[in-house]
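Asks: predicted model and sequence below, questions to follow.
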Amino acid sequence: MTAHTTFQGERVNVSMEVDGSIDGSRTGDPFGLTLEMSRVRGSHFTLTDQTFRLERRGETIALERVRSGDALALGATLDLGREEILLNVRSEDFAAASLVTFYGPWSDFNEWIATPITTTSLITLDLDGTPLEARGTLEGRIAHSSLPEPFSLQTSYSFRPDRFDFSSLLIRTARGEALFTGSWRPGTIAPDGTVRLRHFSYAGSPVLDGIVDLSGSRTLAGASAERISVDTVPLYNVVARLQPGTPAGSRYHTLEGAFSLEADAPNHLRGTIRFADPEDFTGEMNATDLPVAAALSLYAAFGEIPQLPAPVAGARVSGAIRFDRREGDTIVRVPYLAVRDDQNHDRLGAFSGEYRNGEIAITHYYMREQGITVTGTGTASLYRDGSLTFETDFSLNHVHYSVGGRYTRRGDLHLSGPYDFSARITRTAGGGYALIASARNAPLPLGQARLSISVEGTFFDRSNWYLNIRELEAWNLPIPGPGGEYRPGRIVLAAAVQPETIQMAITEFSDGTSTLAGTVETRYFFTGSGLDLSITGRMGALEGDEQYRFAARYTEDGIALDLRFGASPLQRFSSRVERGTVQGTIQVVGSLDRPEIRAFLESERLILNGSGASFRVLFQSDDRVLRVTQSEIGYGTIRVDVPQLILERQEGTVEGFLRFQRLEQDVRLSLTGRTDPLPELSLSSLRATAVDLIVRAAPGVSDELPENPQAWHYELVRTAEATTITRMDGAIQAEIDDGGVFFVLLGGDLPYRGRAEGVLGPDRVEVTVSNIHVEMARIPFPPALRQFHVSRGTVTGSLRLLGPPGDPDLFGTLTVRDLELTTPFSPDALGPLDTALIFEEKLVRLQQTRSRIGPAPVDLSAQILVNRLALEQFELVLDMPGEAGVHVVSGFGPLNVDGYARGNLVLSGTPETLDVTGGIIIYGTELAVAPDFDQTAMEGPNATVDLRVRTGRAVRFIWPDTELPIIRSNFATGQEVRLKVDTRENAFSLDGTLAIQSGDVYYFDRNFLLRSGRVDFRETQEDFDPRITARAELRETTPDGPVRIYLVADGQRLSEFSPRFDSSPPLESAEIVAILGGSILQVGTEGSVTLPSALLSTSDVVTQFAFFRQFENAVRDQLDLDLFAIRTSIVQNILLTAITPVDDQVQQQATPSLGTYLNNTSIFMGRYIGDSVFGQLVLQMRASDPLAFPEDDGIQRLGGVLIDSEISLEWQTPFFLLEWNFAPQNPEELFIRDNTFSFLWSFSY
């Protein structure tokens, strides 16, 4: 039999042989028919021989498959009364492939029907074949080559025309299962029900756990879950919705979804996509505070991601991405995409841009991380041949850069930019890559740092490549220095990098402290156990003895380091170091967690905070013991020797010996105690270790114990709950618990006493210090103020500390009582001072307070800046307003000052420096050159002086020194000089010009009265030699009448003082010399110096500058004069009369008289009348010549003394200087011609 039909548009031919047998009546009841179908062949399949049994009983016709011999049972019953057909299918692990084989276009079904199925199903149809009802079970293992992996299916179902119900639909894979319970209505696009996922994964998909609710209608499909995990990554509030397009409506399908990665959080990620086909879609994704770490973990569940550093725990992403593909155009827009770290607000990132058909425009990108900020824009073009061009402008920490480049299809990359930047990576003939790159004077994002570099290299494979840094020069590099400051650094080097080897030649490395050069070689290997790295090198200073040698190796088994260095400047490590170097060796051997360390460090010529210091440390540590031996530390007058200090880490015992020396004090200290075992040697483990330590003192080599031996006995106990420190006499008690609550009690004989209590937290401290009592006389000053000393005084009050532990703010008031301070500038002490110190955060104020320095009143105020509970800066303002003035006796470089001053001074500085500035008026002051000045004597504390010094009354300059003054000049008032001293630079300067008002010059054994002149100071520490311009007068009498002799100096240096002489009336030089008597040293007839002349040459020194100096001071103070001075040769004259032989004739005519002894005597007196008028009286006494004057001369009757007197007044008006001189010589003319008036003025332009 042959039949033809059409199935799904294809013509199907079927042929078979059919045999049958009938039993019973064909028209009666029952009726039976057996059909045997054999050789069933078709154009698309073949079927094995089948036998069916047909029976009719009343209105029921039954059809059953018989004689099959397999696990498939098929049966059908036709109920003619009900007009229904009931199908019954039963099988057990039955594969349909044993019945039918498909060919041609149907051959793909053969693999599907090879799956064994077990089922029990009942299906009810109407006579037209329409299903009316069905129920049953079905299970089997589904396997097919098109499936990634087989899975098991097990279901229990029921069917009605309007819905399918699944009491269970279980899909089980090798790693988990998914169970669906629910129903599906025909015409809807999704079922309604619940899917329970239990470690479900299929074909390597992420493992899913959770419950998903499904819903569907004719136009919508939805899914939701409160929580579902994807490879242990939890998703919360998951929602998805699908709305298919319809032929009558929109052809676009819409898919929407949202979920959160944290419980009780808003939707972190939302998305929408509308699509018609793969070439026509549009969509958008929005993120709100999406946690990056969880998002990357979720992404990793679906596929591999690049190996990137672990994301920051607090990083979150917010932003939007829109994409559109229509009519061949592809557009991706990112309006904004921002990344932030909610644990670190200084970590930010932002991006916005667009992609359109191969063109990329980055409108903005921004990144900030740990002080590094990058911002910029860029463009890129993608070409169909695979090449790419791009440009970007960006700034890194506000340093602008611009880079453009092209990537070719061949694989070449070309980059270029400003600062002569260029880089090329090209393919080589051998299949490798070649690199050439360079830049000149390119800025680095490190302050003002700059870089010039030139490199070239090739790469073929991991074992065949090289990179040569032909030149690298970087300057203005911020090198960390002491105190958190940065110094400009510089490095110049060349390097060769090859597989397993890096060789570097450093021709210059400067860190602001020294300049080094040397070589470094690095070798590295990757073995089966890990990295094997070794580094060797040597560096040395270009100038000086500084040098370093080092060798190091790292493997998985441990490390080894040998570092040797010499003459390494200690200024590199601390700004408190003014000078000094360190030499030594550091060796480390062993595993990373248990290394053995040996170190030897020794200082050389160390100056710390202005004081000499030294140290020598020998240190050894391993996993058993920490040992310090043969070590010593010195600072100023303090020296501590450490012969031995041992900490047994495993047993927890501590013992050691120290020797403490300070000035006359010499004490030996012994330490004994216990700690918990220290398996790990670190600061954290040391802090957490319990300690019980006893410190005892014993007499030193040449000293006895202090009066209170217990003052040197301390006990330190640290437990899990608290740490206590106690001095055995109870003067010091302190305790702090693990919560930071503490108290400190200071008492006994301590110079500072009080009580402190509060809380020390990791981020904040709150401390109250009460009952403060400080004996200032026992408190040492910082090095810069060590020449100051407090002789008495107390400070009392209370303070409160609030803020971060290392730098809290201070609040409170301290009262200062009866403070007395001595300074290096005055023999008088400052005080008594009663005032208050007001603490406000970091500032300590001393409000203006009146005190005294000697008899002089002083107003002083101060401000002190405290940083990290230590003095950082101070400023003391002194105002000396009184007429009395402050007595100043001090040396300023080569200049000695003894007098009085008023004005204002500002003393400012740091613990290591002192700066004195201001302006003062001096009066009653004597300025003299220090005869024994040594330039090295200026070395000392870091101090500077910068003063504007203005002359007042009675300011006198003496040269060459006070013991033998040749010139004594009294300066006019209102003159100014600038005095500078800098002990740091060992420098001194005195600049200015001072006009001479009066004075005298002792020259040729005569006193010349200064009439006018000036002294020009342009002095330094190397040369103190002022220039003098002066005109001085001497009056003499000759047989021809009175003569005035003038000594004139024209800008001569004092060391080269050699004036010329004029006279009135004019005389020849020989005559002037004859009048002056040549020299006091009289020359004999043979040209030799006589004994009388030798004796006379020294006698005047005694009278002039020994006895009369004290007499002058006493008269000046008693008469309240601004000027009083005596010049006399009385001792010379007495000796000359006694030892000079005189012939009888002369002896008879001239006997010694009073004038003989007072010859060449001058008396100067002067006083200011107010501030503008100065009056002066000069008396000059000479011996009368008995041969030149008759015996009955009136003057002769006065004892042979000729007296010349002169009275002068100077009045400094606002417009000119008015001077009146009165020299009485002509009484017969009523002294009319003896008066002189002068008007002096000057202009500056």
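Replies: Yep, that arrived. Residues are numbered from 1 along each chain as shown.
Asks: P1065 versus the residue minimising distance to the centre of the chain, what's the distance?
Replies: Closest residue to the average C-alpha location of the chain: G484 at 3.9 Å, with Cα atoms, centre = their mean. Noted for G484: a distance of 79 Å to P1065, by Cβ to Cβ, to the nearest Å. (Glycine included, C-beta is placed from N, CA and C.)
Asks: who touches the residue nearest to the centre of the chain in this structure?
Replies: Contacts for G484 (Cβ atoms under 8 Å, 6 or more residues apart in numbering) come out as none.
Asks: and it, what's its pLDDT?
Replies: With respect to pLDDT, G484 scores 72.
Asks: please apply the same query to N468.
Replies: Reading off the model, N468 has pLDDT 96.
Asks: what's the answer for G566, then?
Replies: pLDDT, G566: 95.
Asks: run through the bridge partners of it.
Replies: With DSSP bridges as the criterion, G566 is bridged to Q547.
Asks: residue contacts, it?
Replies: Here G566 is in contact with 545-547, 581, 583 (criterion: Cβ under 8 Å, 6+ apart).
Asks: now with 10 Å?
Replies: Going by Cβ atoms under 10 Å, 6 or more residues apart in numbering, G566 touches 540-541, 545-549, 581-585, 602, 604.
Asks: repeat for V207
Replies: V207 sits in contact with 175-176, 197-201, 229-233, 301, where contact means Cβ under 10 Å, 6+ apart.
Asks: please redo it, this time with the cut-off set to 8 Å
Replies: So V207 contacts 175-176, 199-201, 229-232 (Cβ under 8 Å, 6+ apart).
Asks: nearest to P1059, of those?
Replies: P1059 has its nearest neighbour among the contacts of V207 in T232, at 106.0 Å by Cβ to Cβ.
Asks: over to G999. Which of the three states is it?
Replies: strand (DSSP: H, G, I helix; E, B strand; the rest coil).
Asks: excluding chain neighbours, what is closest to R56?
Replies: F31 (4.1 Å; Cβ to Cβ, 6 or more residues apart in numbering).
Asks: low-confidence ranges in the stretch 1001-1150 of the chain?
Replies: 1037, 1039, 1041, 1077-1110, 1113, 1117, 1122-1123, 1127, 1129-1150 (pLDDT under 70).
Asks: ok, which stretches of it are helices?
Replies: 1069-1076, 1091-1102, 1108-1118, 1130-1139, 1144-1149 (DSSP state H, counting those that start in this stretch).
Asks: quick one: low-confidence ranges for the stretch 701-850 of the chain?
Replies: 701-712, 782-786.
Asks: which residues of it fall in strands?
Replies: 714-718, 722-727, 732-737, 741-746, 752-760, 765-775, 789-803, 809-822, 830-841, 843-853 (DSSP state E, counting those that start in this stretch).
Asks: strands paired with the longest one, and their directions?
Replies: In this case it means strand 789-803. Sheet pairing of strand 789-803 (DSSP bridges) gives strand 765-775 (antiparallel), strand 809-822 (antiparallel).
Asks: just how off-centre is that strand within its chain?
Replies: What separates the centre of strand 789-803 from the centre of its chain is 31 Å, taken as Cα atoms, centre = their mean, to the nearest Å.
Asks: the first one now?
Replies: Between the centre of strand 714-718 and the centre of its chain there are 36 Å (Cα atoms, centre = their mean).
Asks: how about residues contacting it?
Replies: 673, 689-695, 723-728, 732.
Asks: among these, which two are most distant?
Replies: With distances taken as Cβ to Cβ, the most widely separated pair in these is T689 and M728, at 23.4 Å.
Asks: helices and strands of this protein: which one has the lowest mean pLDDT?
Replies: helix 1091-1102 (a mean of 43; mean pLDDT, DSSP states H and E).
Asks: the residue nearest to R56 pairs with what?
Replies: G24, R56.
Asks: that one: neighbouring residues, count only.
Replies: For F31, the neighbour count with other Cβ atoms under 10 Å is 16.
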